[in-house]
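Trainee: I'd like to go over a predicted model; first the sequence, then the structure.
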Amino acid sequence: MKFRRRLATVAGVIALVGCAACQRRSADALAAGAASEKTVVASIRAEPRSFNRYTTRDLTGVVIGYLSHSSLVRINRQTDRLEPELAEGWDLLPDGLTYRLKLRPGVQFSDGHPFSSADVVFSFAAIYDPDAGGLLADTLQVRGKPLIVRAEAANVITVRFPFPFAPGLRILDGVPIYPRHRLESALTAGTFASAWGLSTPLSELAGLGPFVLQRYEPGQRLVFDRNPRYWRNDAGGHALPAVDHVVLDIIPDQDTEQLRIASGDVDFTQSELRPSDYAPMKRAEADGRVKLTDLGEGRDGDLLWFNLTPSLKNDPRAAWLQSATFRRAVSQAVDRDLFVNTVYLGAAVPGYGVVSPGNHGWYTDVSAPGYDAAAAAASLAGLGLADRHGDGKLTDAKGVPVRFSLLTQKGNTSLERGAEMIRESLGRLGIQVDVVDFEVGALIHQFSKGEYDAVYFRLLTTDTDPVLNLDFWLSSGSAHVWHPSQTSPATPWEQEIDRLMNEITTITDQNRRRTLFADVQRIMAHEAPAICFAFPKLWFAMNGRIEQATPAPFRPPVMWNPAVLSLRTPG
């Protein structure tokens, strides 16, 4: 009942603020220095952590990267096909390992400096430099070895793989090419890790993307202006981008964000609608204020993982907190059907593995055990965890309470509701869970340091092919979140996943690759280092004045292709 009343309140507020939308949009654009009809106003939920995409992997950094930079190739998020970007064409050489790429002629950085193969070679040198503080190196390796990038001419490069690599040049999607003339001195001096930080004068930034960052107001917004030197044209030969400005309003609270979309104050967000927002947004669509797009089942779900790093070795709880039996009991303690209905209001599908059924080419039904509170309780008892005081709370044999903290993102409704349901479900078994919420930047910082018990958060899939997410799957990966960057596999099951993923990486038989990855998914379901309870069904809301947008079931749904955005002509 409370939830229904809240929906009615939200709908009422939307109706009240809708009439002021155009005036407020103009006021915000003027305040941001973007006084133009051709201004797109989008929202982001977190402050940028850096302007250097090589040293940050959060969603805000990804969006800034799409706006400001270009890659050699990209994956079209709607078609899942590889497309040319800065490289206008390529050939695979007879050795089966080397690609020769021809770069587009006449391309310039936003500061007017010519782009050439030297910038590509420099960019990969920065990515692979161990002192540069980068996060992309482990995503650009095959069996632990880097790609070899060389310049053959000013407009020709070669990319040599150390082993046969099934996805080929898809590995280069989303890897921005940086200007050597701006950053080489920092790389040489060993200061690249701090280059292009938030205190960097914006005039020192340069990129090959459709927009240029012109203004950053901490806690408020980022303002991007059209890059007049952008290299891409539309199908009619007209220069892109079609809009003059993009404003990213920083709105941490999802309620506020959705109200501003429905009112017309914000054109779109960087994620899908919450199920609770569907009904009011549907009414807003009927009024002509927004348009909704059905994106199908999400490729990513919210994940629960426990800290399996050695940092907990002296913690008296480590024996059970880092136990696979404990993790499986946690998984069985949560009713996934109830989870779907409570957290997502039915707009999701139950999850038993970490790969979404929406990833049709790679998903395997792992047939993991479903909800069984009695079995979960028996597993906990097998670990020596029992209610020794008759108060409904478990302790171990030494009297240590079975209690842990669960970190999650503040202001994200699905994460907050999901964490609460996990707390309630485990509480019924006598496990005490303390939910602690953080702003997203602080949350990432906290678990990156290994200072946590458990985390409930969403990681972003970068490609449907699992090999393009090796930083998650491999024990050496920086996004192997439960125990990242291992020098050697800490467990036999991680060693086996490493072996399987390395084979999937190098063989070209697609059926064999799928069979092997099914084995990976089964191991993950059994060991449960990361647990997913549901995958949301995605709807995307966008202001009706936006045209030519290309929404896709990945985050960010639209900003993966910002150059094509245009605005409907009034009248």
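Mentor: Now that the structure is in, tell me what you want to look at. Numbers count the residues shown, from 1 in each chain.
Trainee: got a pLDDT number for the residue nearest to residue 316 when sequence neighbours are not counted?
Mentor: Once flanking residues are discounted, residue 316 sits nearest to residue 400: 4.9 Å by C-beta to C-beta, 6 or more residues apart in numbering. From N, CA and C alone the C-beta is placed, and that goes for glycine too. Per-residue confidence (pLDDT) for residue 400: 96.
Trainee: I'd assumed residue 318 was in contact with residue 400.
Mentor: No: here residue 400 lies out of contact with residue 318, judged by C-beta atoms under 8 Å, at a distance of 10.3 Å.
Trainee: let me know how buried the residue nearest to residue 316 is, in neighbour terms.
Mentor: Other residues lying near residue 400 total 15 when counted by other C-beta atoms under 10 Å.
Trainee: show the model's pLDDT score for residue 32.
Mentor: pLDDT, residue 32: 44.
Trainee: and residue 24, by the same measure?
Mentor: For residue 24, the predicted pLDDT is 48.
Trainee: how about residue 57?
Mentor: Reported pLDDT for residue 57: 80.
Trainee: just give the number of residues close to it.
Mentor: Neighbour count of residue 57, defined by other C-beta under 10 Å: 19.
Trainee: number the chain from 381, please
Mentor: Let's use 381 as the start, then, which means that last one is residue 437.
Trainee: grab the nearest non-local neighbour of it.
Mentor: What sits nearest to residue 437 in space, not counting adjacent residues and going by C-beta to C-beta, 6+ apart, is residue 515, at 5.2 Å.
Trainee: and if you look at residue 541?
Mentor: In space, and not counting its chain neighbours, residue 541 is closest to residue 477: 4.8 Å by C-beta to C-beta, 6+ apart.
Trainee: please tell me how far that neighbour sits from residue 504.
Mentor: From residue 477 across to residue 504, the span is 16 Å (C-beta to C-beta, to the nearest Å).
Trainee: ok, now residue 763?
Mentor: 48 Å.
Trainee: before we move on, what about residue 585?
Mentor: Distance from residue 585 to residue 504, by C-beta to C-beta: 20 Å.
Trainee: neighbour count: residue 477 and residue 504, which is higher?
Mentor: More neighbours surround residue 504 than the other of residue 477 and residue 504, with 23 against 17 (other C-beta under 10 Å).
Trainee: hang on, the more buried one packs against residue 527?
Mentor: Yes: if you go by C-beta under 8 Å, residue 504 and residue 527 touch, sitting 7.0 Å apart.
Trainee: list residues touching both of these two?
Mentor: Common neighbours of residue 504 and residue 527, counting by C-beta atoms under 8 Å, 6 or more residues apart in numbering, are residue 520.
Trainee: give me the most central residue, the protein.
Mentor: Centre of the chain computed as the mean C-alpha position; nearest residue by C-alpha atoms, centre = their mean is residue 840, 2.7 Å away.
Trainee: can you pull the contacts of it?
Mentor: Contacts of residue 840 (C-beta under 8 Å, 6+ apart): 439, 442, 680, 934-935.
Trainee: ok, what's across the strand from residue 422?
Mentor: In this entry, residue 422 is beta-bridged to residue 628, residue 648, by DSSP bridges.
Trainee: what's the pLDDT at it?
Mentor: You'll see residue 422 listed with a pLDDT of 98.
Trainee: can you get me a residue count around it?
Mentor: Neighbours of residue 422 (other C-beta under 10 Å): 27.
Trainee: that one against residue 649, yeah?
Mentor: Yes: if you go by C-beta under 8 Å, residue 422 and residue 649 touch, sitting 6.9 Å apart.
Trainee: secondary structure element holding residue 663?
Mentor: helix 655-666 (DSSP states H and E).
Trainee: and the next element down the chain from that helix?
Mentor: Sequence-wise, the next helix or strand downstream of helix 655-666 (DSSP H and E) is strand 670-677.
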